[in-house]
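Chemist: Quick check, what structure comes out for this input:
(one chain, ligands or ions: 2)
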Amino acid sequence: MRLSVMGCGYLGAVHAACMADFGHEVIGVDVDERKIADLTRAKAPFFEPGLPELLQRAMDSGRLSFTTDVAALAHDGAAPTVHFICVGTPQRAGEFAADTTYVDAAVRALLPYLRPGDLVVGKSTVPVGTAARLAAMISEAVPGAMLAWNPEFLREGHAVQDTQRPDRIVYGLPADPDEAARTKALLDEVYANPIATGTIPVLTSDYATAELVKTAANAFLATKISFINAMAEVCEAAGADVSALAAAIGHDERIGPKFLGAGLGFGGGCLPKDIRAFMARAGELGADQALTFLREVDAINMRRRTRMVDLAREVLHGTFLGRKVAVLGAAFKPESDDIRDSPALNVAAQIRLQGAEVVVTDPAALENARRAWPDLHYEDKVEVACDGADVVLLLTEWKQYKAIDPAQLAGIVRARNVLDGRNALDPQAWRAAGWTYRALGRPRV
Ligand SMILES: NC(=O)c1ccc[n+]([C@@H]2O[C@H](COP(=O)([O-])OP(=O)(O)OC[C@H]3O[C@@H](n4cnc5c(N)ncnc54)[C@H](O)[C@@H]3O)[C@@H](O)[C@H]2O)c1
Ligand SMILES: O=c1ccn([C@@H]2O[C@H](COP(=O)(O)OP(=O)(O)O[C@H]3O[C@H](CO)[C@@H](O)[C@H](O)[C@H]3O)[C@@H](O)[C@H]2O)c(=O)[nH]1
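Modeler: Ligands and ions are numbered 1, 2, ... in the order given. Next up is the predicted model:
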């Protein structure tokens, strides 16, 4: 099949490469010339495990190409093209609502090249009602062209496997039964490879439900994380251990052990902005009361960052002045170079503002971090970042950091203080090597 992917960021680049690997002819389009220059040389423009190999294979097959010129999508209409919309929907400046202007611009740019029978497929995360609005725009400009909403659930760091073998596939289809059938048939052909496993549910709905499945899923995940972080606050007050608590409640199958990792909370380009956009959209629809709990989810999450700063100050006997703080991790999560709304960098910047010398290290995200937070000091190597530190903060749980030998690091720092912002280190091992170990939601000992 002939496909296009509008927007080649964290979502679109992976989607384009995976679709080409499934055997489709794929053209990726982006307005960012630097990104397209990298992709055209089969270079991944960001860190994502497995993507470099996949890109190389797809480019070598001749089925994948990239361009900044949307006119490359012109075709004779002999066979339908499926166009995926994967552009960003960031939080609007000074508001909670999502900025959908990039989605609108991408669809508008496509219109001159759409033919009757073509299908536009929305994958970006959008406020409910966007699909219906875009479908009207498309059918007015190109009668016979169709729209589907097919939300994406991939996780950064696992994006390739999540795209190749998703948990579920959701199609939001047009109301007209004939159009819905044609749309579904095209999508089934696109996803023939994962569907052939026979194990992946394909769920169909109207546009609005499909859009809401996405925002509801992220709201649930964010709520689960903030729930355990609220428990961490109570554990701190009561001298209890949130890690033991999470493990115990997670054995209840109705609760489950996943997404109960207490610590610094959620960041990234999705959960924070998606819960805020969801609240804003519910308000526009007159259902604002339904989601007021998400304000609390957001507030609990942001409090974890402040608590981490307070804990560091406490360990340093009340002041950051003249102290050196080593920060392990800049990315919003391990196995990613994404620093959008990174809790780690937020904490590092707060501590720097309060007078400490802050040195940050990260295996993948330093280039992005340097660009966004030029005032922080960065080092490639853990040993250099920790040299002479008064406290070491583990803020992103990269496996390299979990494997650090506390005895070895002990000889490098000025004071053996470690704060585990992700409940990822072994407290006993660190304490045995002479460290003062503290973590969010765990007793002081
Ligand atoms: N990153 C994820 O893990 C993930 C997962 C599921 C859903 N999403 C959703 O997918 C969307 C994209 O997210 P992302 O993380 O890939 O963002 P991103 O910022 O990494 O990528 C967006 C890309 O779109 C490009 N773009 C903007 N306007 C364009 C236009 N008119 N034509 C072509 N390209 C254009 C940008 O240059 C950029 O490269 C968002 O709605 C996000 O919420 C993201
Ligand atoms: O138990 C946990 C799990 C995660 N996190 C944090 O939560 C954030 C988000 O993590 P994760 O959900 O793994 O990463 P994303 O790549 O942002 O993926 C989320 O956002 C995507 C974009 O919408 C969705 O597609 C995914 O399904 C959804 O998991 C990160 O800061 C994690 O450190 C925790 O604090 N505790």
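
Chemist: ranges for the helices of the stretch 101-250 of the chain?
Modeler: 101-110, 130-141, 159-164, 177-190, 192-195, 207-238, 242-250 (DSSP state H, counting those that start in this stretch).

Chemist: Turn these into TSV, including distance to ligand 1 and mean pLDDT.
Modeler: No exception for glycine: its C-beta is placed from N, CA and C like everyone else's. Shown next, in TSV, are these (distance: least, CB to the nearest ligand atom, whole Å; pLDDT from 0 to 100):
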stretch	distance to ligand 1	mean pLDDT
helix 101-110	4	98
helix 130-141	10	98
helix 159-164	6	98
helix 177-190	17	98
helix 192-195	16	98
helix 207-238	7	98
helix 242-250	24	98
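
Chemist: can you pull the contacts of the closest residue to ligand 1 within the chain?
Modeler: For the chain, the residue closest to ligand 1 is Gly9, as judged by CB to the nearest ligand atom, at 1.8 Å. Residues in contact with Gly9 (CB atoms under 8 Å, 6 or more residues apart in numbering) are 30, 35, 46, 86-88.

Chemist: coming back round to it: figure out which of the helices of the stretch 101-250 of the chain is closest to ligand 2.
Modeler: helix 207-238 (4.5 Å).

Chemist: how about the closest one: buried residues?
Modeler: 207, 209-215, 217-219, 221-233, 235-236 (16 or more other CB atoms under 10 Å).

Chemist: How about it and ligand 2, any contact?
Modeler: Yes: Helix 207-238 reaches ligand 2 (CB under 6 Å from any ligand atom) through 218, 221, 225.

Chemist: Settle this for me: the last one is touching Phe259, isn't it.
Modeler: When you say that, I think you mean Ile225. Yes: counting by CB atoms under 8 Å, Phe259 is a contact partner of Ile225 at 5.9 Å.

Chemist: Near ligand 1, list only the ones from the contacts of Gly9.
Modeler: 30, 35, 86-88.

Chemist: Only whichever of these are buried, select them in ChimeraX.
Modeler: Applying 16+ other CB under 10 Å to the ones next to ligand 1 among the contacts of Gly9, the buried members can be selected in ChimeraX as follows:
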select :30,35,86,87,88
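
Chemist: relative orientation of whichever strand or helix holds Ala299 and helix 207-238 in degrees?
Modeler: When elements are defined using DSSP states H and E, Ala299 is found to belong to helix 292-315. Helix 292-315 runs at 40 degrees relative to helix 207-238, counting by axes from the mean of the first three to the mean of the last three CA atoms, to 10 degrees.

Chemist: Give me the contact list for helix 292-315.
Modeler: By CB under 8 Å, 6+ apart, helix 292-315 touches 219, 222-223, 225-226, 229-230, 232-233, 263-266, 272, 275-276, 278-279, 319-320, 325, 343, 346-347, 350-351, 354, 391, 393, 395, 417, 419, 421, 436, 438, 440.

Chemist: Could you turn the buried ones of those residues into a PyMOL selection?
Modeler: Only the buried entries of those go into this PyMOL selection, using 16+ other CB under 10 Å:
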select buried, resi 219+222+223+225+226+229+230+232+233+263+264+265+266+272+275+276+278+279+320+325+343+346+347+350+351+354+391+393+395+417+419+421+438+440
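
Chemist: Before I go, just wanted to say thanks for your time.
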